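Below is the sequence, then the predicted model.
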Amino acid sequence: MSSAPTRTAARESATADRPAKQATKAPPAAERVYAHIKDAVLERRYEGGMLLTEGELAEAVGVSRTPVREALLRLEVEGLIKLYPKKGALVLPVSAQEIADVVETRLLVEKHAAAKAVPAGEALISELTELLETMRQQVESGDLAAVSVTDRAFHAAIVRNAGNQILDRLYEQLRDRQLRMGVAVMHAHPDRIAKNLAEHAEILDALRAGDPDAATDAVHRHVSWVRNLAQGDVR
C-alpha cells in the first residue's frame with residue numbers, strides 16, 4: 001500500500017534538491033590570504049625579518065597573485081609587514097619601543113579596569129574562572145598560540161567589565177600586538193608559562209576577594225613582566 005511522503009521525508013528531499021550555490025560560500029580569496037598571513041605572523045610561523053614573496057603566498061593559499069597583493073596592502077596599513085616593490089613583503093620585527101608603548105597603555109587601561117571591577121560580579125568571576133581553566137588545558141596540550149588568545153581574552157573581559165566603551169575600543173586596538181608578543185615570550189621563556197598561570201590566578205583571587213589594591217598590584221606585576229621578558233628576546 002502506497003502512502004504520501006511524510007513531512008520529514010519531504011523536507012529531506014527538498015534539502016537535497018537545493019542548488020549547491022546555497023551552501024555556505026568560502027571567504028573571498030583576498031580575505032583567505034589576509035587571514036593566512038596574519039595568523040602566521042601573530043603565531044610566529046612567519047617571524048620578524050622574514051621576506052615573503054607573492055608567488056609563495058599565492059601557492060600556499062591556492063590563489064592568484066592579485067588577491068595576495070590586496071591582502072599585503074591591508075597588512076602593511078596594520079603595521080605587520082613592509083612592502084618592497086619587486087622583492088616581496090618583509091615581516092616587521094617587534095621593536096623595543098613598540099613593546100614599551102603597548103605595556104604602558106595596557107597598564108593604564110587594565111589597572112583602572114581592575115580597580116573598577118571590585119566588587120566583581122558573579123558573571124565576571126565565572127567567565128575568568130572558565131578562561132583560566134581553558135588556559136591550563138591549552139598549556140598541557142602545548143598550544144601556545146591558543147594560550148596567547150585565551151590569555152588576552154582574560155584581560156579583555158576585565159576591561160570590558162569596566163563598562164567604558166572608549167577604553168574597550170582602545171584596548172581592542174592592542175589585540176594583534178598583544179597576541180604576537182605573548183607567543184614570543186612563551187616561546188623564548190617556556191619556564192615562564194607556569195608563572196603566567198599563577199599570576200592570572202592571583203588577579204582572579206584578588207577580584208573574588210573584593211580587594212582593589214591587590215587586584216591592581218597583581219595586574220601591574222603581571223603586565224610589567226611582559227615588557228621585561230619580551231625586551232630580552234625581541235629587538
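Looks like it came in fine.

how close does Glu104 get to Asn164?
18 Å (C-beta to C-beta, to the nearest Å). For glycine as for every other residue, the C-beta is placed from the backbone atoms N, C-alpha and C.

Apart from its chain neighbours, what residue comes closest to the residue most central in space within the chain?
Taking C-alpha atoms, centre = their mean, the centroid of the chain lies closest to Val149, which sits 4.2 Å from it. Ranked by C-beta to C-beta, 6 or more residues apart in numbering and with sequence neighbours excluded, the top spatial neighbour of Val149 is Leu179, at 6.4 Å.

Would you confirm that that neighbour contacts Val41?
No. Using C-beta atoms under 8 Å, Leu179 makes no contact with Val41, being 9.6 Å away.

residue boundaries of the helices in the chain?
Ranges of helices within the chain are 7-17, 29-42, 54-61, 65-77, 96-116, 122-141, 144-161, 165-172, 175-188, 192-209, 212-231, based on DSSP state H.

Next one: Ala214 from Arg106, what distance?
Taking C-beta to C-beta, one finds Ala214 at 18 Å from Arg106.

In contact with the nearest residue to Asn196 once chain neighbours are set aside, which residues?
Excluding the flanking residues, the one nearest Asn196 by C-beta to C-beta, 6+ apart is Asp151, at 7.1 Å. Going by C-beta atoms under 8 Å, 6 or more residues apart in numbering, Asp151 touches 135, 182, 196, 200.

Hmm, Phe154 and the first one touching each other?
Yes. With contact defined as C-beta under 8 Å, Met135 and Phe154 form a contacting pair (7.2 Å).

ok, those two, which is more surrounded?
Between Met135 and Phe154, Met135 has the larger neighbour count (other C-beta atoms under 10 Å), namely 23 against 18.

now that one: how far from Ala198?
Met135 sits 11 Å away from Ala198 when distances are taken as C-beta to C-beta.

Could you do Ala117 as well?
20 Å.

Excluding residues flanking it in the chain, which one is nearest Arg175?
Leaving aside its sequence neighbours, Arg175 sits nearest to Arg152 (C-beta to C-beta, 6+ apart; 6.6 Å).

ok, Thr129 - contacts?
With C-beta under 8 Å, 6+ apart, Thr129 has these contacts: Leu204.
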